[in-house]
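Chemist: Sequence first, predicted model second:
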Amino acid sequence: MGTIALYSILLIVLTPPLGAYMYRVYTRPERGRLENVVYRLIGVNPDAEQSWRRYASSALWFSVVSMVFIYVLMRAQHHLPLNPQALSPVNPYVSFNTAASFASNTNWQVYGGETTMSYLTQMLALTFQNFLSAAVGIAVLIAMIRGFTRSHTENLGNFWRDTIRGVVYVLFPLSVVWAIVLLSQGVPQTLAHYLPVDGIQGFKQLIARGPAASQIAIKQLGTNGGGFFNGNSSHPFENPTPISNFFEMFAIVWIPAALTYTFGKMVGSVRQGWAVFAAMWILMVVGFAVTTPGEQHATPAMQAAGISAAAPNLEGKEVRIGPDESSLWAVATTDASNGSVNSMHDSYQALAGVVPMFNIAVGEVIWGGVGSGLYGMIFYVVIAVFIGGLMVGRTPEYLGKKITARQVKYTVIAVLVPFLVVLGFTAVAVVLPAGLAGRLNSGPHGFSEILYGYLSQGNNNGSAFAGLTASGPFYAVTGGIAMLIARFVPLIAALALGASVGREKTVPFTAGTLRTDTGLFVGLLIGVIVIIGALTFLPALGLGPIVEHLSHGLTP
């Protein structure tokens with residue numbers, strides 16, 4: 001429990017310095033030498049203001065080109081260098097799913113990295129895209145915030161300038177520091193061949209290695225989550241020590257948390273940023289409180305085998321990590337749209353498994369992905385403001401702008417479309433043989449595996465329940481489609497919302513204006529998030545982990 005307390009305190013203390021730094025990065029008028037070199041290489045004018053349509057078009061085309069590049073590289077990796085194990089081309093279905101996954105910042109994986117991807121693919125397709133897709137998410141958030149701070153204009157800035165600044169000044173320097181820390185803990189960073197050794201029992205083994213530290217650093221900081229090895233951060237080469245474990249866990253939420261402070265600075269009220277931070281932090285702490293105690297006790301299956309109920313649930317966990325830090329990681333990685341794991345969520349107690357599902361289900365807004373989590377939270381803020389305005393009988397206002405029917409429509413589209421994608425694909429999967437064939441288990445737990453798979457892909461998380469075989473054509477294609485819809489529909493809606501607010505004039509604050517920087521509003525915001533999530537997904541959760549819990553003769 002001490003680790004959880006330290007984690008929470010450090011998050012509060014270190015949010016302002018990083019948030020203030022990112023504020024300066026995205027608002028300073030002068031350009032740095034390195035970014036100017038990049039602008040000349042790609043041939044763009046970074047000073048040209050873009051309307052929300054031009055900004056969205058740039059983001060979409062950039063992502064399409066990225067996705068095609070990843071797909072082609074995976075399909076052609078057997079002809080390319082840095083493939084010391086002579087790995088064959090990745091099959092078309094997995095290539096499509098992976099390209100959609102990394103271009104959308106989901107980083108869902110249906111392959112074992114050490115047995116499927118060459119070093120070149122890992123570095124040039126996956127690690128490189130980890131930087132770019134994360135930077136796109138931050139850029140869209142910054143553009144949306146600009147809309148809330150401007151009046152009588154649809155211009156939101158320049159996509160290329162925002163994206164390049166995110167890579168050059170935020171993601172890259174932090175990743176260098178994190179990679180050095182991971183190297184010091186024993187994470188490999190090499191282009192050498194896999195290492196043949198004689199095991200202690202006389203069997204020959206082939207030890208996989210490669211340029212892992214550089215990918216793991218950005219996978220955590222960029223809320224990407226795609227592991228270098230199949231075991232992700234439960235693998236001792238990705239996460240060898242308690243120090244590496246804490247640094248990787250903290251990296252999951254640090255940038256998303258700091259962006260709330262950046263938001264407050266940009267809108268001219270740090271209290272607004274802290275209000276959003278408080279809502280996210282409270283929901284995270286509640287998740288810890290529900291998940292961690294449950295994993296301190298043996299599962300019903302363990303008890304049936306004669307194990308004491310007081311024994312911790314270590315199924316699916318690394319003994320060197322233990323149940324507390326496994327639970328902390330499970331909550332953090334699903335609060336953010338990170339998806340990396342140091343334990344298998346499939347093995348958690350039934351009710352403990354509800355927390356990761358719920359965290360993802362509400363739209364990855366409890367921190368969420370870098371950028372995308374905060375603009376997702378702003379959608380909920382708009383809904384809370386709208387409801388609060390109706391309750392006091394006034395036109396809703398947020399940050400000095402009237403919230404009209406148009407803004408509410410954009411918000412509803414952004415919130416509901418991922419929900420429809422998740423529930424729609426889950427409903428199809430549970431009635432088709434191709435969908436049912438992917439389950440490891442039958443009954444409510446098998447349903448949970450399918451639901452979790454689409455929740456993770458349909459909300460750009462990337463973690464898996466570890467019981468679903470999703471590399472076949474059905475899950476690879478439907479999952480890829482879910483990831484693309486869930487990433488780009490809210491992205492476009494965020495830009496449209498920012499521009500729509502930017503067209504409005506600023507109205508003065510009056511005594512009747514609903515304040516959005518108080519504890520009362522934080523409570524309203526949390527209530528809106530929980531109620532919308534419960535109304536949408538409680539029936540599905542009732543068919544999966546809740547009925548599984550009740551079937552063991554236990555009560556919630």
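Modeler: Sure, I can see it.
Chemist: Burial check on residue 243, number of neighbours?
Modeler: Using other Cβ atoms under 10 Å, residue 243 has 13 other residues around it. Any C-beta I mention is one placed from the backbone N, CA and C, and that applies to glycine too.
Chemist: Centre of the chain to the edge, which residue is at the far end?
Modeler: residue 202 (42.3 Å; Cα atoms, centre = their mean).
Chemist: And that residue, its phi and psi?
Modeler: phi 90, psi 0 (degrees, to the nearest 10).
Chemist: distance of it from residue 208?
Modeler: Distance, residue 202 to residue 208, by Cβ to Cβ, to the nearest Å: 20 Å.
Chemist: Over to residue 497?
Modeler: Plainly put, residue 497 is 45 Å away from residue 208 if you go by Cβ to Cβ.
Chemist: So between these two, which is more surrounded?
Modeler: More crowded of residue 497 and residue 208, by other Cβ under 10 Å: residue 497, with 28 against 19.
Chemist: Touching, the more buried one and residue 383? I think so.
Modeler: No: assessed by Cβ atoms under 8 Å, residue 497 is found out of contact with residue 383, at 11.7 Å.
Chemist: which stretches of the stretch 201-350 of the chain form strands?
Modeler: Counting by DSSP state E, counting those that start in this stretch, the stretch 201-350 of the chain has these strands, from start to end: 204-207.
Chemist: Please enumerate the helices of it.
Modeler: Here the stretch 201-350 of the chain has its helices, by DSSP state H, counting those that start in this stretch, at 212-221, 242-266, 270-294, 300-304, 322-335, 350-361.
Chemist: Dump the last one to CSV, restricted to CA.
Modeler: Translated: helix 350-361. This file holds the C-alpha atoms of helix 350-361, laid out as CSV (Å, rounded to 0.1, in the frame of the first residue of the first chain):
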residue,chain,number,x,y,z
ALA,A,350,-14.3,-11.5,-10.9
LEU,A,351,-15.1,-8.1,-9.3
ALA,A,352,-11.5,-6.9,-9.5
GLY,A,353,-11.8,-7.5,-13.2
VAL,A,354,-14.7,-5.2,-13.3
VAL,A,355,-12.5,-2.2,-12.5
PRO,A,356,-10.2,-2.4,-15.6
MET,A,357,-13.3,-3.0,-17.7
PHE,A,358,-15.1,0.0,-16.3
ASN,A,359,-12.1,2.2,-16.6
ILE,A,360,-11.9,1.4,-20.3
ALA,A,361,-15.7,1.5,-20.8
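Chemist: what is the mean pLDDT for it?
Modeler: Across helix 350-361, pLDDT averages out at 83.
Chemist: which helices and strands does the helix or strand just after that helix pack with?
Modeler: Going down the chain from helix 350-361, the next helix or strand is helix 372-392, by DSSP states H and E. Judged by 3 or more Cβ pairs under 8 Å, 6 or more residues apart in numbering; DSSP states H and E, the packing partners of helix 372-392 are helix 128-149, helix 242-266, helix 270-294, strand 397-398, helix 405-429, helix 473-503, helix 519-541.
Chemist: So which residue is dead centre in this structure?
Modeler: Nearest residue to the geometric centre of the chain (Cα atoms, centre = their mean): residue 337, 1.2 Å.
Chemist: what sits against that one?
Modeler: 105-106, 223, 225, 364, 368-369, 372-373, 459-462 (Cβ atoms under 8 Å, 6 or more residues apart in numbering).
Chemist: With residue 97 instead?
Modeler: Counted by Cβ under 8 Å, 6+ apart, residue 97 has contacts 108, 110, 470-471, 475-477, 479-480.
Chemist: who wins for neighbours among those residues?
Modeler: Going by other Cβ under 10 Å, residue 479 tops these with 28 neighbours.
Chemist: circling back to that earlier point, only the buried subset of the contacts of residue 337, as a ChimeraX command please.
Modeler: Buried residues within the contacts of residue 337, by 16 or more other Cβ atoms under 10 Å, are selected in ChimeraX with:
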select :105,106,223,225,364,368,369,372,373,459,460,461,462
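Chemist: okay if I get the contacts of residue 337 as JSON lines plus pLDDT?
Modeler: Output for the contacts of residue 337, formatted as JSON lines (pLDDT from 0 to 100):
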{"residue": "105", "pLDDT": "92"}
{"residue": "106", "pLDDT": "92"}
{"residue": "223", "pLDDT": "90"}
{"residue": "225", "pLDDT": "87"}
{"residue": "364", "pLDDT": "84"}
{"residue": "368", "pLDDT": "90"}
{"residue": "369", "pLDDT": "88"}
{"residue": "372", "pLDDT": "90"}
{"residue": "373", "pLDDT": "90"}
{"residue": "459", "pLDDT": "90"}
{"residue": "460", "pLDDT": "88"}
{"residue": "461", "pLDDT": "89"}
{"residue": "462", "pLDDT": "86"}
